[in-house]
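Student: I would like the atomic coordinates for the input below:
(chains A and B)
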Amino acid sequence: MKKTLPYLIVSPYLLHLALFVLFPVVFSIVLTFHKWNIIAPMEYVGWGNYWRLFNDRLFWKAILNTFQFLLVHIPLQIVIALALAYFLNQKLFARGFFRASFFMPVVISGVVVTILWQQLFGLETGLLNRLLINMGLGRVEWLSNPNLAIVSIAIMATWKNVGLYVILFLVGLQTVPKSYYEAAEVDGASSWQQFRYITFPAINPTFFMVVILSTLGGFSLFIEPYIMTDGGPLNSTLSAMLYIYKQAFGYYHMGYSATLGLFFAMLIMMVVAVQKYAIENDE
Amino acid sequence: MPKAYYQHFMAKKLVQFFNPGNAVLYLLGATLLFASCQKENSDNRHAIEYWSSNNGGEIKFAQWSVDRWNADHPDSPVKYQPVPEGQSSEEIILAAVVAKTTPDIYSNIWQGLVEFYSQSGILVPLDTLDGFMEFIQSRCDSLTIREITSSDGHIYQVPWKINPIMTIYNQRIMKEMGLDSIPVTYSAYLQAAENFKKDTDGDGYVDQWFGNTSVKLAWYQRLFNFYPLYLAASGGMPLVKDGRANFNNEYAVEAFRFLQTLYRNNYFSRQVESAGQDLFVAEKYATKWTGPWEIEYLEKYKREGFTYNFGPIPVPDGHQGPVYTYCDPKSMVIFNTCKNPQLAFEFIKTMLSEDGDLQFLQTTNQLPRRKDLELKPAFQAFFAQNPKLQVFARQAKHVKGADNCEVLIEVFDILSQEYEACVLYQTKTPEKAVADAERAVNVLLGN
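Tutor: As a prediction, this is how the structure comes out:
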């Protein structure tokens, strides 16, 4: 019994891993070589789904859109989160209230936030446009301009998620010993120099984590375009995740969807590996 | 507690937990747990299981039908429940199909999805049941029967109900514009739209439009704007015929051009209405394309003095013949998990009997799909009391459902992409949009 006991103890975890991780992964890989609509028997198509992927212009457009989103979302999120964390790390009146307030959108359902912002972005009766018109400025086609829609979604996603990164940066900032700043002040370092040469290197591990987490979060962009734009206008907000979802649950192309999913997972791993290499080398 | 003692204590407890005697008890417990979970599925007291939609009126009607059947057939009772809650009933049905937990009968399946399910072999071919052909011929005209006959020659659905799409209009606005009713031709409609659009608050933007229809990209939104216009213009031509796209014609091109003009000239609003917002009730829109469900809604929410009526879908100038429209058809199907399809069909027949359909009409304000809707005295009496619904009953003679095409959703998705490019953003001419859609659909259909 003593020999088998350790195995018995880890067996729930192994069972969970086998059922909910290994099986789906293996099944997905098998699916990539098949055509399957969930209810009819699978049909073997060889490398057909992979050929289709490389010729699917809409998928590449969705990948490009996702990168465009990341390009706006990640820098915006990091800059705002860092600035807010820096601000909230000072001795302020009602600091706890502000910290909780900035974190609040993180715990609100993504669907609720998206519907709320959809109303704010409304073209004719949206609050933002009413405000702009009342200020004598023209209205903005937040979600109906193909060049702007992905930026609008990035703004909303930043508002929703920034609280989490504020907390992470706050934790990082609080680990920097005060004596470093005191010594720097004695040496006559400016605030920017203190930030550049003390704060930033000290929070580098946090920075790395924030970049990785926001990249992963950005790659999984789904709820916002799904609810707000359904990928439009002119496919400008069609994210890779939304496209994969549509292939699977809109058209029941399970095999092709699994192929897209596998390819996208590889792509994410590559991007994260490049980021890791760049940040570690910079350090 | 010292660490070594604690480790020994925990190890002892774990050995006790996993000893063979206890294992038998755990197994017994787990078996009981699973048995209790499966109790409902193994309930054999009911001969037939029936799911309806979860719309309030339909639940009431379904319960009425089941109660009546069970009173008359105590030996073969029907168990009823609305389709379980989910994002959409289609998703729930698909999940049930995969899990093999489908009911025997489902009564709210969209006609356009039946081909997908029937080709996957999960529906009972109803024409193989005794008395089905006699029943369907007495209920439906030959056009409807042709429409519901699957590509393999079998019939897998019983047409149950329709909600024809028509133009609703604000009567006060039309009267002020010197019109007796809604303009029917494209040019008259566009002229009225030009006269009505206005910037009422002087901020430089139009805030009063002649109409509104969804600008969302979702495929099913085209069922409520492009598709009825196409059917109206073409006299009910299919989108897909003999495995090929059938819509690259003047009717589709003109429907796209008409819609494009409405948006290009700001006659229609691009606003996505949010929940709780209704610019038709607020009299910011003069018209929209909708179904009979609007009546109950408006009677509840309209302002005092707000009057409305329904008219046909606009058609090209010089259109001849009846004006067709899309009817949003829902059917009843029997899944192949059903052990007694003949009995299930007998139950369906009672639901679709004359008094069943009358009850349905009274309870839901939706139209049964039957050829004698305007002829039977019982229905005539109902429509005399509900004149607004009678307009839809008249239209019901000239309606089309969805084509029998396994990939119909993708066909509509392709049309939706072209609709967005041509109608909403004017990046393509109607001719090019329709031709591109035709090419994509033919590739999809393997041509």
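
Student: what does the stretch 1-150 of chain A have sitting close to chain B?
Tutor: Residues of the stretch 1-150 of chain A lying close to chain B by CB under 8 Å from any CB of the partner chain are A:1-2, A:5, A:8-9, A:37-40, A:115, A:118-119, A:122-125, A:133, A:138-139, A:143-144, A:146. C-beta coordinates here come from the backbone N, C-alpha and C atoms, glycine included.

Student: just the buried residues from those, in ChimeraX please.
Tutor: Selection of buried members from the residues of the stretch 1-150 of chain A next to chain B for ChimeraX, criterion 16 or more other CB atoms under 10 Å in any protein chain shown:
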select /A:37,118,119,122,123,124,125,133,139,143,144,146
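
Student: in strands, which of the residues of the stretch 1-150 of chain A next to chain B appear?
Tutor: Secondary structure from DSSP state E places none of the residues of the stretch 1-150 of chain A next to chain B in strands.

Student: the residues of the stretch 1-150 of chain A next to chain B in helices, which ones?
Tutor: Those of those mapping onto helices are A:5, A:8-9, A:115, A:118-119, A:133, per DSSP state H.

Student: redo the residues you listed as CSV? Include pLDDT.
Tutor: Conversion of these to CSV gives the following (pLDDT from 0 to 100):
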residue, pLDDT
A:Leu5, 90
A:Leu8, 91
A:Ile9, 92
A:Ile115, 90
A:Gln118, 89
A:Gln119, 88
A:Ile133, 90
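
Student: tell me which stretches of the stretch 51-200 of chain A form helices.
Tutor: A:57-88, A:95-107, A:110-120, A:127-134, A:149-174, A:178-186, A:191-194, A:200-202 (DSSP state H, counting those that start in this stretch).

Student: name the helices or strands packed onto the first one?
Tutor: For helix A:57-88, the contact count by 3 or more CB pairs under 8 Å, 6 or more residues apart in numbering or on different chains; DSSP states H and E identifies helix A:95-107, helix A:149-174, helix A:204-219, helix A:240-245, helix A:254-282 as packing neighbours.

Student: tell me which of those lies nearest to B:Gln359.
Tutor: For the helices and strands packed on helix A:57-88, the distance to B:Gln359 is smallest for helix A:240-245, at 40.3 Å, taking CB to CB.

Student: give me the below-cutoff pLDDT ranges for the stretch 151-300 of chain B.
Tutor: The model of the stretch 151-300 of chain B has pLDDT under 70 over residues B:274-276.

Student: where do the strands sit along it?
Tutor: For the stretch 151-300 of chain B, the strands defined by DSSP state E, counting those that start in this stretch cover B:158-162, B:166-170, B:209-212, B:240-241, B:244-245, B:285-290.

Student: nearest to B:Arg264, of these?
Tutor: So among the strands of the stretch 151-300 of chain B, strand B:209-212 is nearest, using CB to CB, at 12.9 Å.

Student: same for the closest one, what does it pack against?
Tutor: Secondary-structure packing of strand B:209-212 (3+ CB pairs under 8 Å, 6+ apart): helix B:186-196, strand B:285-290.

Student: so which of these is the most packed in?
Tutor: Mean neighbours per residue, mean count of other CB atoms under 10 Å in any protein chain shown, is largest over these for strand B:285-290, with a mean of 23.

Student: how many degrees apart are that strand and strand B:166-170 in direction?
Tutor: If you take axes from the mean of the first three to the mean of the last three CA atoms, to 10 degrees, strand B:285-290 sits at 160 degrees to strand B:166-170.

Student: of the helices of the stretch 51-200 of chain A, which is nearest B:His73?
Tutor: Smallest distance to B:His73 across the helices of the stretch 51-200 of chain A (CB to CB): 44.4 Å, for helix A:110-120.

Student: could I get the host helix or strand of A:Val26 in PDB with only the CA atoms?
Tutor: Assigned by DSSP states H and E, A:Val26 belongs to helix A:23-31. Only the C-alpha atoms of helix A:23-31 are listed here, as PDB (Å, rounded to 0.1, in the frame of the first residue of the first chain):
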ATOM      1  CA  PHE A  23      -7.100  14.200 -24.300                       C
ATOM      2  CA  PRO A  24      -8.400  17.500 -25.800                       C
ATOM      3  CA  VAL A  25      -4.900  18.300 -27.100                       C
ATOM      4  CA  VAL A  26      -4.500  14.900 -28.700                       C
ATOM      5  CA  PHE A  27      -8.000  14.900 -30.000                       C
ATOM      6  CA  SER A  28      -7.500  18.400 -31.500                       C
ATOM      7  CA  ILE A  29      -4.400  17.200 -33.300                       C
ATOM      8  CA  VAL A  30      -6.300  14.200 -34.700                       C
ATOM      9  CA  LEU A  31      -9.100  16.600 -35.700                       C
END
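
Student: next, the angle from it to helix A:254-282.
Tutor: Helix A:23-31 runs at 120 degrees relative to helix A:254-282, counting by the same axes, to 10 degrees.

Student: residues making contact with helix A:23-31?
Tutor: Outside helix A:23-31, the residues that touch it by CB atoms under 8 Å, 6 or more residues apart in numbering or on different chains are A:42, A:254-255, A:258-259, A:261-262.

Student: then B:Lys371 would be within a strand, right?
Tutor: No. When DSSP: H, G, I helix; E, B strand; the rest coil is applied, B:Lys371 is found to be coil, with no strand at that position.

Student: verify the stated contact: it with B:Ser142.
Tutor: No. B:Lys371 is beyond contact range of B:Ser142, at 9.4 Å (criterion: CB atoms under 8 Å).

Student: higher neighbour count, those two?
Tutor: B:Lys371 (16 against 9; other CB atoms under 10 Å in any protein chain shown).

Student: what about stretch B:403-410, start to end distance?
Tutor: This stretch, stretch B:403-410, spans 13 Å end to end (CA to CA, to the nearest Å).

Student: is that stretch up against chain A anywhere?
Tutor: Yes. Using CB under 8 Å from any CB, stretch B:403-410 reaches chain A at B:407, B:409-410.

Student: where in chain A is pLDDT low?
Tutor: A:1, A:282-283.

Student: just to revisit the earlier point, return the members of the contacts of helix A:23-31 classed as buried.
Tutor: Buried subset of these (neighbour count, 16+ other CB under 10 Å): A:254-255, A:258-259, A:261-262.

Student: can you list the residues of the stretch 301-447 of chain B near chain A?
Tutor: With CB under 8 Å from any CB as the criterion, the stretch 301-447 of chain B meets chain A at residues B:407, B:409-410, B:413, B:417, B:420-421, B:424-425, B:427.

Student: are any of those buried, and which?
Tutor: When those are checked for burial by 16+ other CB under 10 Å, the buried set is B:407, B:409-410, B:413, B:417, B:420-421, B:424-425.

Student: wait, a strand at B:Asn108?
Tutor: Yes. B:Asn108: assigned to a strand according to three-state DSSP.

Student: let me see the contact set for the spatially closest residue to it that is not a sequence neighbour.
Tutor: In space, and not counting its chain neighbours, B:Asn108 is closest to B:Ser53: 3.7 Å by CB to CB, 6 or more residues apart in numbering or on different chains. Counting by CB under 8 Å, 6+ apart, B:Ser53 touches B:59, B:82-83, B:89, B:107-108, B:330.

Student: what are the ranges of the helices in the stretch 151-300 of chain B?
Tutor: Under DSSP H, counting those that start in this stretch, the stretch 151-300 of chain B gives helices at B:171-176, B:186-196, B:226-234, B:250-264, B:293-301.

Student: quick one on the thing from earlier: buried ones in the helix holding A:Val26?
Tutor: A:28, A:31.
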